[in-house]
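Undergrad: Return atomic coordinates for the entry below.
(3 chains)
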Amino acid sequence: MTDPTRRQVVQAALVLAAAGQAGAKASAAMLGPDGDADALRLGCCYYPEQWDESRWKQDATDMVARGLSRVRIAEFAWTLMEPEAGRYDWGWLDRAVDTLSGAGLGVVMGTPTACPPEWMVARYPEILPVAKDGQVKGFGSRRYYSFSSLLYRRECARIAKAMADRYGRHKGVVGWQIDNEYGCHDTTYSYGAADLAGFRTWLRARYGTIARLNKAWGTVVWSQQSPSFEAIGLPTSSPYDFPPDMLLDYRRFASEQVMAFHKVQADVIRPLSPGRFITTNFMANFTEFDHYPVGQALDMASWDSYPLGVAAGKDDARWDRTGNPDLTGWNHDLVRGLNPAPFWIMEQQPGPVNWARYNPAPLPGMVRLWTWEAFAHGAGTVSYFRWRQGQVGPEQMHSGLNRPDGHISAGGEEAAQVAKEIARIGPIPKSARGDVALLFDYETVWMTEIQPNGSGQDHLVHAQSWYAALRKIGLNVDIVRAGTPVAGYKLVVVPSVWTIDEKIRAELAAANGLVVIGPRSGSKTADFAIPGDLPPGPLQSLVPVKVKQVAIARAGTGVPVTGTGITGQAMGWREWLETALPVLAHYDDGEAAVMGSARIWYVGCQGDAAFTGSLLKTASNRAGLKTYDLPDGVRLQRRGALTFALNYGPRSWTIPEARRRFVLGGKLVGPQQVSAWRDA
Amino acid sequence: MTDPTRRQVVQAALVLAAAGQAGAKASAAMLGPDGDADALRLGCCYYPEQWDESRWKQDATDMVARGLSRVRIAEFAWTLMEPEAGRYDWGWLDRAVDTLSGAGLGVVMGTPTACPPEWMVARYPEILPVAKDGQVKGFGSRRYYSFSSLLYRRECARIAKAMADRYGRHKGVVGWQIDNEYGCHDTTYSYGAADLAGFRTWLRARYGTIARLNKAWGTVVWSQQSPSFEAIGLPTSSPYDFPPDMLLDYRRFASEQVMAFHKVQADVIRPLSPGRFITTNFMANFTEFDHYPVGQALDMASWDSYPLGVAAGKDDARWDRTGNPDLTGWNHDLVRGLNPAPFWIMEQQPGPVNWARYNPAPLPGMVRLWTWEAFAHGAGTVSYFRWRQGQVGPEQMHSGLNRPDGHISAGGEEAAQVAKEIARIGPIPKSARGDVALLFDYETVWMTEIQPNGSGQDHLVHAQSWYAALRKIGLNVDIVRAGTPVAGYKLVVVPSVWTIDEKIRAELAAANGLVVIGPRSGSKTADFAIPGDLPPGPLQSLVPVKVKQVAIARAGTGVPVTGTGITGQAMGWREWLETALPVLAHYDDGEAAVMGSARIWYVGCQGDAAFTGSLLKTASNRAGLKTYDLPDGVRLQRRGALTFALNYGPRSWTIPEARRRFVLGGKLVGPQQVSAWRDA
Amino acid sequence: MTDPTRRQVVQAALVLAAAGQAGAKASAAMLGPDGDADALRLGCCYYPEQWDESRWKQDATDMVARGLSRVRIAEFAWTLMEPEAGRYDWGWLDRAVDTLSGAGLGVVMGTPTACPPEWMVARYPEILPVAKDGQVKGFGSRRYYSFSSLLYRRECARIAKAMADRYGRHKGVVGWQIDNEYGCHDTTYSYGAADLAGFRTWLRARYGTIARLNKAWGTVVWSQQSPSFEAIGLPTSSPYDFPPDMLLDYRRFASEQVMAFHKVQADVIRPLSPGRFITTNFMANFTEFDHYPVGQALDMASWDSYPLGVAAGKDDARWDRTGNPDLTGWNHDLVRGLNPAPFWIMEQQPGPVNWARYNPAPLPGMVRLWTWEAFAHGAGTVSYFRWRQGQVGPEQMHSGLNRPDGHISAGGEEAAQVAKEIARIGPIPKSARGDVALLFDYETVWMTEIQPNGSGQDHLVHAQSWYAALRKIGLNVDIVRAGTPVAGYKLVVVPSVWTIDEKIRAELAAANGLVVIGPRSGSKTADFAIPGDLPPGPLQSLVPVKVKQVAIARAGTGVPVTGTGITGQAMGWREWLETALPVLAHYDDGEAAVMGSARIWYVGCQGDAAFTGSLLKTASNRAGLKTYDLPDGVRLQRRGALTFALNYGPRSWTIPEARRRFVLGGKLVGPQQVSAWRDA
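TA: Numbers count the residues shown, from 1 in each chain, chains lettered A, B, ... in the order given. Coordinates of the predicted model:
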């Protein structure tokens, strides 16, 4: 059903893009109007079903008047579309689509599969997800389904086909969002009958014979041998640890279920809605499934950006009213690497949200800043969530571009300002290759969770600490999937990739810049075993080092590290290394912490910000990259010939070099302000 | 079965009392001897079944010798009363009642329904409560029943009738306590079959049609429409939030189940025990059910006062050995507002308890101080828990007026001292109206728990912070149910009432003192929706202000607020306001924090103690109230013409005005001491 | 099946040993070669099944070359021994035993019952343990069985018999380890059908009639009377506390189930493997079952020593890379008191482990130090876990004497050094009686958990604080079971024993040294009731004191205590005392804290390190014991005529007395170093 040619083009383009050859153009022609990277667009999320129909026309008119050109609808309205099994009611949705598109808005249709109707749950309780302790998660909120339920996939195909039949060729429809925020609310994992059946099928396909599985899982330890695939259970309840490879396989399986679930709807919609894009909306810092296969299967990636919600989950209160620029930036850069087409922000925070641990108000200027920041990192469209704050339901305290009484909100004013600036600023280049490639790998996140070896190990946090160190010295970072070609980058950093397959090894070998390998890299085989020649396993062919002992220190305790240009505290993970390479930094007990040659470095520990910062600044300078020393709140981001300076901080910042051709702001970038200039 | 006339009298009296017109006398005649407010009495809780019968007579004699005149018994003895289904054994209880009353004690009979016998649980397991995760809470401690079980209500009516038949007209019996500590140990909420059936019935009665329910609950959000009442489940397990109005309805339902459960026994006992009071014992800081309907249905309210147990649940170690005077005071004043008759302390802490997080010993003097404090706040009787510390069972480490070896305890000595002081002090006036009315509302507590919008929101804590600020400046506070007439008060404060119905609005409009409205007031409709004209909704007719944005800051972070006489930090909840009113205080970013006219103020934030203290001191002075600046540990309380000074603190305090007619203590109030004087 | 004579001898020896009369020799002859206390041995744990058979011979040769003489195998290999029900495969194990013993190693056979095979679990799911919430803990890790399952005991007897039939008389087999780490991973307690049946049987045997049970449990409180044994449930789920004596009986029952489970296998193996020892491996700080009966039933006790894993569970970071000497010492001394034969370290940490909250690397020297420390405290054999770090499975990150690539690890080098030192050091005396007897009692631990009366009460921590105070002043401590004769000790300390039976009372009465009784001693009867004459109950015949009130202070809050030689802060538990004895120290409110005569002291509180240290130093000096003032990291331990100085700390320590006959090290003990000398 999918067009294989098309997907090949997309994948090829991705490889080319990652390789810095602007190959994404190869696929741009197929992406419909929203693939046009030169246009920056604004949009919003809208729930016609939550408002009296008499307001729809004015809402649509107001959206356009405020400079919005895209609107996403329908992704939570299954029961209204199909009030009883098989009885569809399209009237209201027909009128909504007509009204919105009639006003000049391009409509993104959401498939409503995040919320099956009550009648379906009552009829098919087997579609519900099951918690690890056996409790069924029922109807009552959203996302109460298991990705593994074949029955539910069939129902999803049915509603997707019904929608695509009706709206697939509607002239106002520009694209599709399938489902909503896959995995949100801890729903990636389910432990019911459908999941067990799916897991066994998946294992049989992976291993063929139970003997191969037993070997891979190391079941000889603790008498865990299974006599058959039918004897395999889900990793739910046992007094102590399951085999780590079993846990990893369960997570691989669960991740692939998301992709399989997605594909069912995409395959149905594709032929019925030619020329329209298909996407889904990812979430910030979410790692429960591998975003690369899903992202590559899309026409473009999109994500939902809530900078204050993310900040509220962290201990650093400095970013409570702005968000942390390096967390927002990380997610932009990661999503930019999922697919060669310019990405969307499908949901952009427009004011205070309701769902985080703390919900402060953004400082004035931040809604505008976030929008320009998204464009700076390569976004094509920024769509705010939501047009108008709701009055009812669980999300009623989530702000919108308008207040519940219909008046424009503070965030709405800032969005309108951006719309005017877009109109003024002229053509926008595409994102080009960044200064540094940072390798990322979802399995490493999962393996770290499965076998952290001690409290506080979190691979995403570790990788983001390397990213932040690079951003603080003014570098642009491409976050690329491990195994992507990285030739052409002056600097390639690998915070950690636990399993080094031949493809990853070969691409690192082919790198012609400086490569910095972080701790725990190459520490596991694909079967979650320690390499027989010790970590870093296959990387030893590139960097002659052997990890003879490892340890994790208590949180908050550090060991001083000193070297040329490198100074700070080793904290958390630490390795004892055998190597003949020159030592670049050592611990206070004399053991080697960082070592390397002119082409490749190996780093045997995690560290504090001083360590990571000095390590990567020294490496960047060795690699010939020009670096800055930016305040924590100021970040620079290039988009082709345009460079943006974004100031999250409390103090103004003066752009160092003298002459600029500013298209936004000027030399002095005030708090919560943005400047942008074209290359001279 | 209840006498409607009687209840109307009680309710009318309550209204009058709250209006400060001493109307409670209207019902006093019906309350039997314990309604006599001029008499201060002491009592204790006693478990004859836990001691050899040979000790009963001496115990009774000793009680009287120590000045006690009331004794509560029997509330945990169902199995002894009815060892097998339908076979009653009254012999032991007959002898106990005769022995106690024969010594001159008025007996309060407890119905034993907090603890159904094992044979009943075995026969009717459906009476057991069910936790949210589906686990049945079984026999083995106490309170293992669901309020919704009609079957259990029938059994309770049966044992209540049997007891009332036997003891209802016993000359020694002065009253009844129904059940014990409703809701204790997280038992207000249950999620079993009886609860589900009850909830559906309740919803059908409330909404009539499922369409009305769907509208009220806002089920259009996230496709949550229910096709019928039979499709409604309990709010147990779903991946994310249930509709907030569903959660509120569940809590309203659960609260009403307590009342319905209570009424069954009250209705049985009332005609069989004429002239005796009916009460039940409430708990401190307990908000799981609405105390107003239950309190008004009683002949008098009572509560169980454990100041150190309450203090141990808080972070402030200063009050570990005294209790926090403002928490004890809050509960006295709240319970005084439940019913016009003088309230009881049914269980008064006499020494260390066993059940709190920490269980220190009261400082010498505190048992006496607590007793006098209860009388100062309007109590008629203080009954200590318990006569003698037990030797067996879960509560064996709970102290009593006597040690397990029979000797008098330190607390017992202090109680005996109070008995002598009562005898000496002469006639006691009734409580009159306080200086300030503070509006309280249980639904606001529930709604805050359902939709806190961020960590740390706790309405009780917020309301108590306003109460404490008023107490620190020496004011007497009447805590009144929202909707009660407040005309006649110089100052009316509303820490927050989320849903403003017409009655509440009208009574506030009729106030002739200064009204101070706190944040989040009027922020929700009765269906848990945001008012279409924004918060504070209907209050806008009294105070022209509109809340255009809200936010919650991280715990521990504050924003300075400055105004005339008002200074401190805004913390937690904050609103952005549109208003034409004069601004009384503003944040450091220039936005308005407090505003108002000569008649009504609006406060748009929560704050630290400095903010709340200066806010309410300034308001009190504007309202013409004389204020003090008391140390944290010293509090003043008037009871008619008597004024008490109570010193919880570590340092002596000198009463400022020179000449007093002291009936207790003198001008210098030492640590843990009390003074009292009559109006000159 | 067990030899009653033999057990009587062991028990008698234990009594004699505790009495300091070296009576252990009485049983030494029966212990086989490993009972030879004069020989210090090293060993390791080995998993032939995890490595290719081609490596076995070289491994065995290497072990011997490194000075190891013992090897434990097979304890997790049931599925390999019996791949299908009733079909045994001994070939691989025959070859493994032959290869190892052929190289000169004494083989310890582990019975594999910690891990039943999948086929058995599938066939008999009723053997699985059940959590308190009803969730079954399934196949998937280890220890997934209930001790109460008679069916599982039968299966265990079968495999034990099969192994003993085959290897019981093998010349290379020196002994048996039954099962592995009883109770690990929260497996002592189970709440399934087998457990319920067992509990009822146990109760019937204990009480005979339900009336006696009701009386003992105090079920008169809260109407908890049970009409029959069949009506008794397990203490799983109820809204509040179960009767404390029910909880205690459940723990007594569970503890006895471990013993009963153990006995089944021991009884099978004993006659089939004459001359070989039977042991099992205990864990550090593990108190879920009473170690005394199990320990006495063994031929020798053994335990698994992971000093860094234990340290990682505590808040004190000082010991992260060494372990806390007083926790390691406590466990050595406790296990030495379980059985008169020299104990084994069955698993000794050889480097970083994988399973603790933090997993640092031991400082260089610590593996050697731990080994000598074990010998100093009386160990006969120290066996390292494990020979070679694994590559697969949950424990792959646990270090070994060799790395996964086969090279020797840092810990392996240190073990080899110890082997050389053993060979050099000459004959080793047996442990003799220590300076102080410290009474310990498992029921006191359980009772404290059941009725802590406030946060932070932990009897093991309390007892260890007294132990640490004694160790810091250089004393050798014998930890003895309450009720053991203690005549002959100059000092006997009782941190707390809650239930004083006549045996305990009589032995304390017979003590001829100074006896120091700690708080809460004698505070409960055997039925978990308060003694009618108040605590300390029967101890009042020895020390005339009565506890009239008790309290627990908030964590971190203290009250100054002052006396002659005693100074510090009372913290946690505090008692108010009636006594005519001289007061040795009092609180700042004048109440007595410590009191006593020349023969016996009573201590009415817990305290900080200053209080406990000064208390026990003063007591030791009064008792005529010579004391030191050691740094926190330095400890002294005598083994007969040999004395060891062990330095865990960061600074060198000089042994005070001038002339020594050193057999290890010298006068200056460097960090992580050990010195040893013979009595002059």
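
Undergrad: ok, is stretch A:39-55 in contact with chain B or not?
TA: Yes: using CB under 8 Å from any CB of the partner chain, stretch A:39-55 reaches chain B at A:47, A:49-50. Every residue, glycine included, has its C-beta placed from N, CA and C.

Undergrad: Write out the residues of the stretch 1-150 of chain A neighbouring chain B.
TA: Residues of the stretch 1-150 of chain A lying near chain B by CB under 8 Å from any CB: A:47, A:49-50, A:76-80, A:83-84, A:112, A:114-119, A:122, A:129, A:131, A:133, A:135-144.

Undergrad: Could you pull up the contacting residues of the residue lying closest to A:Leu615 once chain neighbours are set aside?
TA: Once flanking residues are discounted, A:Leu615 sits nearest to A:Ile566: 5.3 Å by CB to CB, 6 or more residues apart in numbering or on different chains. Shown in contact with A:Ile566 (CB atoms under 8 Å, 6 or more residues apart in numbering or on different chains): A:584-585, A:594, A:611, A:614-615, A:618.

Undergrad: confidence score at whichever residue of chain A sits closest to chain C?
TA: Residue of chain A nearest chain C, by CB to the nearest CB: A:Gly218 (2.8 Å). With respect to pLDDT, A:Gly218 scores 98.

Undergrad: from what I can see it touches A:Lys524, true?
TA: No: A:Gly218 sits out of contact with A:Lys524 when judged by CB atoms under 8 Å, with a separation of 11.8 Å.

Undergrad: hang on, the earlier thing: return the per-residue confidence for the residue nearest to A:Leu615.
TA: pLDDT, A:Ile566: 98.

Undergrad: Need phi/psi at it.
TA: phi -120, psi 120 (degrees, to the nearest 10).

Undergrad: got it, and A:Val136?
TA: A:Val136 adopts backbone torsions of phi -80, psi 130, taken as degrees, to the nearest 10.

Undergrad: Quick check: it vs B:Asp133, distance?
TA: A:Val136 is 11 Å from B:Asp133, where distance means CB to CB, to the nearest Å.

Undergrad: Mind listing the shared neighbours of the two?
TA: By CB under 8 Å, 6+ apart, the residues touching both A:Val136 and B:Asp133 are B:Ser237.

Undergrad: Neighbour count for those two, which is higher?
TA: Higher neighbour count among A:Val136 and B:Asp133: A:Val136, with 17 against 14, using other CB atoms under 10 Å in any protein chain shown.

Undergrad: List the residues that contact the more buried one.
TA: When contacts are counted by CB under 8 Å, 6+ apart, A:Val136 is found next to A:125, A:128-130, A:192, B:237.

Undergrad: Out of those residues, who's the most crowded?
TA: A:Pro129 leads those on contacts (other CB under 10 Å) with 27 neighbours.

Undergrad: What residues does the nearest residue to it once chain neighbours are set aside make contact with?
TA: Nearest residue to A:Pro129, sequence neighbours excluded (CB to CB, 6+ apart): A:Ser190, at 3.9 Å. If you count contacts by CB under 8 Å, 6+ apart, A:Ser190 has them with A:129-130, A:146-148, A:254.

Undergrad: Over to A:Gly572?
TA: When contacts are counted by CB under 8 Å, 6+ apart, A:Gly572 touches A:454, A:456-457, A:552-553, A:555, A:605-607.

Undergrad: contacts with chain B among those residues, please.
TA: By CB under 8 Å from any CB, no member of those lies near chain B.

Undergrad: still on that earlier bit, the residue nearest to A:Pro129 and A:Arg252, how far apart?
TA: For A:Ser190, the distance to A:Arg252 (CB to CB) stands at 15 Å.

Undergrad: Please apply the same query to A:Asp316.
TA: The spacing between A:Asp316 and A:Arg252, counted by CB to CB, is 33 Å.

Undergrad: Compare those two (neighbour count), which wins?
TA: More crowded of A:Asp316 and A:Arg252, by other CB under 10 Å: A:Arg252, with 18 against 9.

Undergrad: Before I go, just wanted to say thanks for your time.
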